[in-house]
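**Student:** A predicted structure for the sequence below; I have some questions about it.
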Amino acid sequence: MGTALFTCFGTIVAAVGAILLLVYIVIPVIGILFTFAGRLLRFVFQEARDLLLIPIALFVGVIKLLRATLCIVLARWDIVRSETTAAKRRFAEAYNRTVAVFIDNPLRVIGIPPTKEFETNEHTKQVKSEVEEAVEHYKHFFGGEDTPAPKFEGYTIVGTLPAGGSGAKLYIATSAGNASAVVIKSFEIATGSQLPQIVRESRAMEAAKKLGLVIEHHLDNERFWYAMPYHKGDHLGVVTNKLHEKTNELTEENLQTVLSYQHSLLKTLHEYHTAGLWHKDVKPDNIIIHDGDAHLVDLGLVTPLASAMTLTTHGTEYFRDPELVRQSMRGVKVHQVDGSKFDVFGAGAVLYFMLENTFPAHGGLSDFSKASPESIRWIVRRAMADYDKRYASIEEMLQDVETILNAKSISGVRPADLPSMGGESPPQEKSVRRLPAKSTPSTGGGPFKTRAHVYRTKPSGIAAILVAIAVGVFFVFKNDPPAQETTITQILPVEIPTGRVLVVNEIATSPDSAMHKNASNKIAELGVAGWDLFIDGDTEANVRSWLPSGPITTPIPSGKLANENMSGILLIQAGGDSTPMFYFIDENSARLIQ
């Protein structure tokens, strides 16, 4: 009996001990092992993440610093602050992650939490900060409901507009003395507006006020603001998209609309330049279409043409003249160049945008992909040509546009009919001369006038020629010819070029069919002989942008033919007795072909 009781008691004690061992030792040990395994997995993940993000943060920080440095060079002080702040955040992130790799993450493995300041994930803190910034930017851009509307004496705020890149706020307001709405552009120091931007926009206010572009302006210790006429409508980019959405080719009516917008723009720019101002930011987004007229807005970059300040690269890519960038990098002053020519480039780029519904390519002459009259294309090419070859003024460009607008048929106007090419009035019932089907109509001579060659023989002229020949022979035998100088040599037969040759025909259209017949026969003869001749209006326009005004006596720039994938140019000019003159021009010489 006693033995049985002792056995039962021992069994109970053993069971209780086993349970206690399981509860207080085995299970906690298993829990510790699983916790440690979890910490190890977390450690591996955090180490891999931090090691991956440290170089990324450093790289982004360096990029932000470089951008801030570039903005300092370009005097874009409104961007410098945000870029330097972003760089500091990235470097701080890299530092915190480095500390985590060597200290915080290993401590977490053994159960020691990091210090209080690092408990919150730094990446989460950064995202939170950037989200808060985005919310503030949204409120600044669209206007928050909890933000009280500023007060402008004499005006009542009725709405807001999206802000541009200057950091200013735009408000729609009404005046107590005038029922028409105005736009108020306000720069406030307290909300982050930069002093250089305020100075830049305030320097031309008086001149703009005389033109009616600004109604009034005020500057005090806290803010700078000015009121402008409000034009309710879409900007030119939206309007252009609507013109092109249904067809790939603009109709005569659409072309009339495009030129009317261009006409309004050029008249406004003419007023700017007459008043001694340079707009500097001509682009579709700054042109509002209202009641059929194009209104040029945004005075943020307006600069006096006589300013002694150094040129800056402010403006919008694709609509900003590359020559402006080159001159600003050289430290050229505004008054040392003709700033109005930069507006000419912008106006040409805007016309290209309306014709093509896309941004113009870099460089002076842009390619066209959609059908449009050659006379309008010629205006674009002339406006976007190199600085010294483009229109001398907006007024000259305006006269060409008015000539096409007043024509009976827009498509019937040739480049040669434009005033800048010596034309007096657009043709009314003339037939348009057309080239073969696979070519583009000729530009009519590009930005250069066709030279008329008249050959008249007089006794005094013969004597002069003989003297000139004698002097020429003397210098040929006594002196070496200057380097790169073009010479004219009559050869027969001429050596066949190894590549393509562009045909540039400068024979004016005339009833003298014998001249054209002889020219055609000669072209056919050269083709049979093995010349690779081609006719292309766009290529011809590009060539005329750099072809010297006297290609027979002046060498062409080196490398230009190679850029156009050509070996030479076949220049055809009028001669005497219905005999055309053929010149083969390459980078070394101009040879007369007879």
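**Tutor:** It's in.

**Student:** contact partners of the helix or strand where residue 242 lies?
**Tutor:** Assigned by DSSP states H and E, residue 242 belongs to helix 236-244. Residues outside helix 236-244 that contact it (Cβ atoms under 8 Å, 6 or more residues apart in numbering) are 250, 254, 257-258, 261, 284-285, 287-289, 294, 350, 353-354, 357, 370. No exception for glycine: its C-beta is placed from N, CA and C like everyone else's.

**Student:** at 6 Å instead, please
**Tutor:** Residues from elsewhere that reach helix 236-244, judged by Cβ atoms under 6 Å, 6 or more residues apart in numbering: 254, 284, 287, 289, 354, 357.

**Student:** Give the other helices and strands that the host helix or strand of residue 381 contacts.
**Tutor:** For residue 381, the element it lies in under DSSP H and E is helix 374-383. Other helices and strands packing on helix 374-383, by 3 or more Cβ pairs under 6 Å, 6 or more residues apart in numbering; DSSP states H and E, are helix 340-356, helix 394-405.

**Student:** Rebuild those helices as CSV, extending it with mean neighbour count and mean pLDDT.
**Tutor:** What follows is those, written out as CSV (neighbours: other Cβ atoms under 10 Å; pLDDT from 0 to 100):
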stretch, mean neighbour count, mean pLDDT
helix 340-356, 26, 92
helix 394-405, 20, 93
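
**Student:** got the ones you listed as CSV, with distance to residue 544 columns?
**Tutor:** Formatted as CSV, those follow (distance: least, Cβ to Cβ, whole Å):
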stretch, distance to residue 544
helix 340-356, 16
helix 394-405, 16
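
**Student:** so which of these comes closest to residue 578?
**Tutor:** Evaluated over those, closeness to residue 578 peaks at helix 394-405, with 32.0 Å, by Cβ to Cβ.

**Student:** For that closest one, list the C-alpha coordinates in CSV.
**Tutor:** Provided in CSV are the C-alpha atoms of helix 394-405 (Å, rounded to 0.1, in the frame of the first residue of the first chain):
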residue,chain,number,x,y,z
ILE,A,394,10.6,91.3,-86.6
GLU,A,395,9.2,93.9,-89.0
GLU,A,396,10.9,92.2,-92.0
MET,A,397,9.3,88.9,-90.9
LEU,A,398,6.0,90.6,-90.4
GLN,A,399,6.0,91.9,-94.0
ASP,A,400,6.5,88.4,-95.4
VAL,A,401,3.6,87.0,-93.3
GLU,A,402,1.3,89.9,-94.3
THR,A,403,2.2,89.2,-98.0
ILE,A,404,1.0,85.6,-97.7
LEU,A,405,-2.1,86.5,-95.7
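
**Student:** Which residues does it contact?
**Tutor:** With Cβ under 6 Å, 6+ apart as the test, helix 394-405 has contacts from 259, 262-263, 266, 269-270, 273, 344, 375, 379, 383, 391, 410, 413, 418-420, 426.

**Student:** Need the contact partners of the helix or strand containing residue 107.
**Tutor:** Using DSSP H and E, residue 107 sits within helix 105-109. For helix 105-109, the surrounding residues in contact (Cβ under 6 Å, 6+ apart) are 39, 43, 46-47.

**Student:** I'd like to know which of those are buried.
**Tutor:** Applying 16 or more other Cβ atoms under 10 Å to these, the neighbour count classes residue 46 as buried.
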